[in-house]
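**Student:** quick one, fold the following:
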Amino acid sequence: MYRHQSEELPHDLVASIQRILDIKAAQDTDPLDALGADFDAVGVINGYFPDEESLGQLESVQAQLAQDEKDLRNEIAELQDELRTQQDPDKMQAIQEMISDLLGQMSLIREKATESEAVVRNITKDIQVLDLAKKNLILSMTTLKRLQMLVNSLSQLEDYVKDKKYSDITQSLSVVKEISAAFKQYTSVPRIGQLWRRIQEIQGEIRSLLESDFDTYYLQTPNSPKPATITAACATADVLGVDVRAALTQRYTALLLAEYRRVFRLTDEAGQLDNISRRFAWFRRILSTHEGGLGRAFLSEWNVGWWLVGGFIDITRGDMAALLSRAGKDLTVTVLLDALQQTKDFELSMAKKFGVLLQDILQATSPTPARPIQSITSSFEPHMGVYVQSQDRAISDLLAPHRGSRARASLDTVQSHSTAEDAETATAVLPSSTELFYVYGQTLEGCASLSTGRPLFDLFEVFRKWLRVFAEDVLMPNLRRTQPQPRRSMDVRYDMNEIRNACLVINTAEYCQNTAQELEEKVRQRIAGEFKERISLQTECDLFIGVASTAIVSLLREFESACEPAFLSLTRTAWVNHELVTGQSPYVGDLVRAVETVTEAVVPLLESKKYLRNFFDKASSLVLTRFANALVRSRPLKENGAEQLLIDLSALKSCLLKLPGETLTTSGYTRSVTKGTQRLEALLKVIVTPQDPPEGFILNYTLLIGDASFSNFQKIIDLKGTPRAEQNDLLDFFVTITSTKPELEQTSFLTALDMDPPVASTLGLTSPNGSRVALPGAGAGEGSILSTFGSPPISNTPSGSDTPPRGDALATKQVFSDIRRLMSFAVRRDTTPQ
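**Tutor:** Residues are numbered from 1 along each chain as shown. I've put the predicted structure just below:
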């Protein structure tokens with residue numbers, strides 16, 4: 001049944017139909033014949049009526065369109081009739097019958113073609129047989145001709161062998177081997193098999209003849225062959241095969257080295273480790289004799305000198321391994337290094353002499369290429385522990401005068417020399433550190449020139465060990481005072497020697513860290529590939545960073561001591577009785593002078609800007625922390641006292657902002673100082689605010705402090721010195737007003753304000769971690785010297801605590817504290833007289 005296909009006809013088929021039917025593409029004369037998606041009705045209408053006068057033809061245009069529509073309908077009807085005619089079942093059946101007849105005719109043609117092919121094959125059958133016979137005949141003639149050539153060449157070869165004519169033997173044997181290769185598949189034929197066996201026999205005879213002549217030549221008897229004969233014999237041996245060349249070379253090598261085994265026995269004096277130079281001198285003499293005598297007869301391709309070197313190294317390596325093992329604990333570093341150095345020089349001289357790597361020589365001359373001969377120096381590596389131990393002892397002796405209790409005396413000696421010199425020429429780092437790395441460099445070069453394997457890795461472990469010792473036993477003791485240093489007066493409370501000491505330790509620690517990184521890279525470049533991934537000094541570098549952080553704390557301790565008189569004056573001032581607010585207080589000038597004096601002493605002594613910024617960060621935090629502690633301890637403040645403290649804080653802020661100078665001031669430092677002082681200013685501004693009316697006082701608190709914490713507000717009124725009788729009303733107003741401000745937080749910077757700060761210094765010998773200039777690997781960001789205004793711990797945590805409680809414990813304790821205060825307030829309110 002006919003089924004309409006919606007697919008479009010191929011372009012080639014459409015073009016063929018148009019060519020057959022002589023259909024030529026022409027432009028449409030009627031715009032209505034080009035209906036499509038982009039049909040423009042307005043354009044067509046404008047074409048019919050381009051102007052107003054053409055509207056008079058409206059009726060004729062309508063009549064034309066009606067006629068076009070009628071013609072189209074008639075055309076559609078004719079096409080439908082034609083389609084019904086073509087879909088007639090009788091016609092389709094007739095078409096199918098025609099197709100069946102066509103297929104039958106095609107099958108008949110295929111059968112006829114098969115029959116024709118069979119006839120042609122039968123006709124050409126005899127021709128194919130003749131072609132095969134011709135091919136076999138040609139092959140037989142060629143084989144017989146080659147067989148005749150093989151027999152003749154073999155006969156000639158036998159004659160040459162009888163006369164020992166090696167030049168002719170070489171040519172004839174090459175021809176015989178080349179021709180006989182074609183008969184290998186015909187060895188089952190008796191005659192060919194007989195010839196094949198004879199060829200193998202003649203090759204054996206030639207090999208025996210070569211060995212006899214070579215042995216006679218080695219002995220140099222009157223009947224020995226001439227060098228020219230041996231040279232020709234070498235070419236014959238190459239034709240026989242590589243194994244023959246190797247066998248002859250090994251026999252020659254064994255003959256020359258037989259005397260070596262006899263002269264340098266392990267039980268004789270000449271064979272001892274300290275006489276290794278005699279071994280090398282003997283071999284150089286033998287090699288020279290070979291090159292000027294027997295060796296001239298060998299072909300250069302044989303590389304007989306290589307075989308001599310390989311044989312000598314193999315024997316000597318075994319002897320050295322036995323001697324070193326036998327020496328045991330009696331082996332001295334001097335003997336070991338002297339023997340190893342002479343061995344390295346010998347191996348390098350052999351490689352230079354032949355212009356190739358020694359390993360290539362040993363690989364080429366090894367009896368088993370899968371397991372090449374090892375160099376003589378490889379026998380020393382298992383015993384290089386003696387050398388590593390000697391270097392360990394040498395470094396220990398180098399650092400002994402500077403370790404432990406003697407470290408401080410060593411540093412004082414350096415300081416005494418540096419203070420007598422000009423500041424520009426003063427010692428920047430401890431001389432012991434430069435001496436240590438100088439020894440490291442010399443030792444590394446010496447060991448790498450001897451071995452880049454396990455001994456160098458063991459030496460690297462020694463380097464790591466003494467770097468840790470230097471940090472812990474040389475640098476760290478310099479930061480621990482054996483006893484408190486007496487203060488000479490109240491004007492100078494810091495120790496300048498301690499400042500120089502700490503700066504020297506910081507410079508030395510940074511120098512050791514940077515140089516250790518360079519040392520790690522040099523070792524990784526020199527050491528064997530199997531150890532490269534295990535080379536790392538990161539732990540030691542972190543240790544030096546920790547030493548520098550501890551030295552920073554020591555500097556801060558002296559800095560705090562210098563500022564102590566000013567803070568004591570601030571604490572002892574009775575701010576509650578302060579009535580007249582003038583310029584800055586006298587203690588501010590003392591504090592600024594102390595801060596500037598210490599920092600001016602530190603800046604020229606510290607070489608690293610990184611550590612200088614770290615020091616300034618921590619020093620500014622320390623000043624603000626001590627200021628806050630002194631402010632709390634000197635309460636009550638009252639309005640006038642707080643206003644005076646605001647003026648003092650402004651002067652102190654100006655001093656801290658200018659403290660690092662233009663080259664060291666960073667945006668982070670400025671933000672930190674500004675943030676710390678702004679919080680103190682907010683605290684003081686709340687205290688300055690009159691508490692009458694209470695609503696204005698509390699509103700100012702919420703604007704400046706920004707929390708609704710009952711306990712924090714209690715701290716403010718305690719600092720302000722509000723009488724107990726007035727506190728209840730203020731707390732009542734505070735609860736009422738803050739209950740209407742849900743946007744207020746429950747904590748602020750006041751949450752961490754300690755109302756009972758410690759009198760003693762909060763600095764220990766641990767690194768303060770909150771500096772904005774993070775020391776690499778020093779754990780920056782875990783805390784802050786300015787803990788009072790940092791992330792708040794609980795309210796009664798001492799300022800400067802190194803281990804603040806966790807956030808969940810903090811929040812829980814704060815909530816319970818607020819509840820207790822609220823309950824207490826409620827009880828007081830209920831018992832207040834009406």
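**Student:** when you work out contacts or count neighbours from here on, use the C-alpha atoms and nothing else.
**Tutor:** Fine.
**Student:** pLDDT (mean, whole number) over stretch 477-491?
**Tutor:** The pLDDT scores in stretch 477-491 average 56.
**Student:** same question but for stretch 290-297, I mixed them up
**Tutor:** Regarding stretch 290-297, the rounded mean pLDDT is 86.
**Student:** endpoints of stretch 532-539, how far apart?
**Tutor:** 17 Å (C-alpha to C-alpha, to the nearest Å).
**Student:** can you check which helix is longest in the chain?
**Tutor:** Longest helix of the chain, by residue count under DSSP state H: helix 89-163.
**Student:** and that one, how far out from the chain middle?
**Tutor:** How far helix 89-163 lies from its chain's middle: 68 Å, per C-alpha atoms, centre = their mean, to the nearest Å.
**Student:** which elements pack onto that helix?
**Tutor:** For helix 89-163, the elements it packs on are helix 166-180, helix 190-219, judged by 3 or more C-alpha pairs under 8 Å, 6 or more residues apart in numbering; DSSP states H and E.
**Student:** tell me the most buried of those?
**Tutor:** For those, the largest average neighbour count (mean count of other C-alpha atoms under 10 Å) is found in helix 166-180, namely a mean of 19.
**Student:** pull the residues that contact it.
**Tutor:** With contacts defined as C-alpha atoms under 8 Å, 6 or more residues apart in numbering, helix 166-180 is touched by 146, 149-150, 153-154, 156-157, 160-161, 196, 199, 229, 232-233, 235-236, 239.
**Student:** got it, and stretch 137-155?
**Tutor:** Residues contacting stretch 137-155 (C-alpha under 8 Å, 6+ apart): Ser172, Val175, Val176, Ile179, Ser180, Leu195, Ile199.
**Student:** now it: average pLDDT?
**Tutor:** Rounded mean pLDDT across stretch 137-155 is 83.
**Student:** how about stretch 230-250?
**Tutor:** Average pLDDT, stretch 230-250: 88.
**Student:** can you give me the end-to-end span of it?
**Tutor:** Stretch 230-250 has an end-to-end distance of 16 Å (criterion: C-alpha to C-alpha).
**Student:** list the buried ones in that stretch?
**Tutor:** 230-240, 244-246, 248-250 (16 or more other C-alpha atoms under 10 Å).
**Student:** nearest the middle, which residue of the chain would you pick?
**Tutor:** By C-alpha atoms, centre = their mean, the mean C-alpha position of the chain lies nearest to Glu533, the distance being 10.5 Å.
**Student:** contact partners for that one?
**Tutor:** Contacts of Glu533 by C-alpha under 8 Å, 6+ apart: none found.
**Student:** just the strands from the protein, written as ranges.
**Tutor:** Counting by DSSP state E, the chain has no strands at all.
**Student:** low-confidence regions, it specifically.
**Tutor:** Applying pLDDT under 70 to the chain flags the ranges 1-38, 369-370, 404-427, 480-493, 759-834.
**Student:** returning to that earlier point: in helices, which of the buried residues of stretch 230-250 appear?
**Tutor:** Counting by DSSP H, those place 230-240, 244-246, 248-250 in helices.
**Student:** how about Gln363, nearest residue that isn't a chain neighbour?
**Tutor:** The shortest distance from Gln363 to any non-neighbouring residue, by C-alpha to C-alpha, 6 or more residues apart in numbering, is to Pro372 (5.0 Å).
**Student:** that neighbour - how many residues pack around it?
**Tutor:** Residues lying near Pro372 (other C-alpha atoms under 10 Å) number 17.
**Student:** the one 3 residues further on too?
**Tutor:** A count of nearby residues for Ser375, using other C-alpha under 10 Å, gives 19.
**Student:** so it versus Leu683, what's the distance?
**Tutor:** Counting by C-alpha to C-alpha, the gap from Ser375 to Leu683 is 80 Å.
**Student:** ok, now Glu472?
**Tutor:** Relative to Leu683, Glu472 is positioned 44 Å away (C-alpha to C-alpha).
**Student:** the two: who's more crowded?
**Tutor:** Neighbours per residue (other C-alpha under 10 Å) separate Glu472 from Leu683, with Leu683 holding more: 21 against 17.
**Student:** quick one, phi/psi of the nearest residue to that one once chain neighbours are set aside?
**Tutor:** Leaving out its chain neighbours, the residue that sits closest to Leu683 by C-alpha to C-alpha, 6+ apart is Ile705, at 7.3 Å. Geometry field for Ile705 lists phi and psi as phi -90, psi -40, criterion degrees, to the nearest 10.
**Student:** correct me, but Ile705 touches Lys685?
**Tutor:** No. Between Ile705 and Lys685 there is no contact under C-alpha atoms under 8 Å: 9.9 Å.
**Student:** those two: which is more packed in?
**Tutor:** A count of neighbours by other C-alpha under 10 Å puts Ile705 above the other of Ile705 and Lys685, at 23 against 19.
**Student:** need the contact list for that one.
**Tutor:** Counting by C-alpha under 8 Å, 6+ apart, Ile705 makes contact with Ala682, Leu683, Ser748, Phe749, Leu750.
**Student:** how many other residues sit next to the third one?
**Tutor:** Yep, that's Ser748 we're talking about. Ser748 has 20 neighbours, counted by other C-alpha under 10 Å.
**Student:** then the fourth one?
**Tutor:** As a burial measure, Phe749 scores 21 neighbours (other C-alpha under 10 Å).
**Student:** if we take the contacts of Ile705, which one ends up nearest to Ile552?
**Tutor:** Lowest distance from Ile552 to these (C-alpha to C-alpha) belongs to Phe749, with 26.6 Å.
**Student:** and that closest one, how far is that from Gly676?
**Tutor:** Using C-alpha to C-alpha, Phe749 is found at 10 Å from Gly676.
**Student:** tell me if I'm right that Glu540 and Arg468 touch.
**Tutor:** Yes. Between Glu540 and Arg468 there is a contact under C-alpha under 8 Å: 6.1 Å.
**Student:** and these two? which has more neighbours close in?
**Tutor:** Higher neighbour count among Glu540 and Arg468: Glu540, with 21 against 16, using other C-alpha under 10 Å.
**Student:** those helices in the stretch 551-700 of the chain, which residues are they?
**Tutor:** 586-602, 609-633, 638-658, 667-688, 694-704 (DSSP state H, counting those that start in this stretch).
**Student:** the first one to helix 609-633, inter-axis angle?
**Tutor:** Right, helix 586-602. Note on geometry: by axes from the mean of the first three to the mean of the last three C-alpha atoms, to 10 degrees, helix 586-602 and helix 609-633 are set 160 degrees apart in direction.
**Student:** same question for the shortest one.
**Tutor:** Here helix 694-704 runs at 170 degrees with respect to helix 609-633, directions being taken by the same axes, to 10 degrees.
**Student:** same question for the fourth one.
**Tutor:** With the same axes, to 10 degrees defining the directions, helix 667-688 sits at 10 degrees from helix 609-633.
**Student:** by contact count, what packs against helix 667-688?
**Tutor:** Against helix 667-688 (3+ C-alpha pairs under 8 Å, 6+ apart) you get helix 609-633, helix 638-658, helix 694-704, helix 710-720.
**Student:** if anything else comes up later, I'll come back, but that's it for now.
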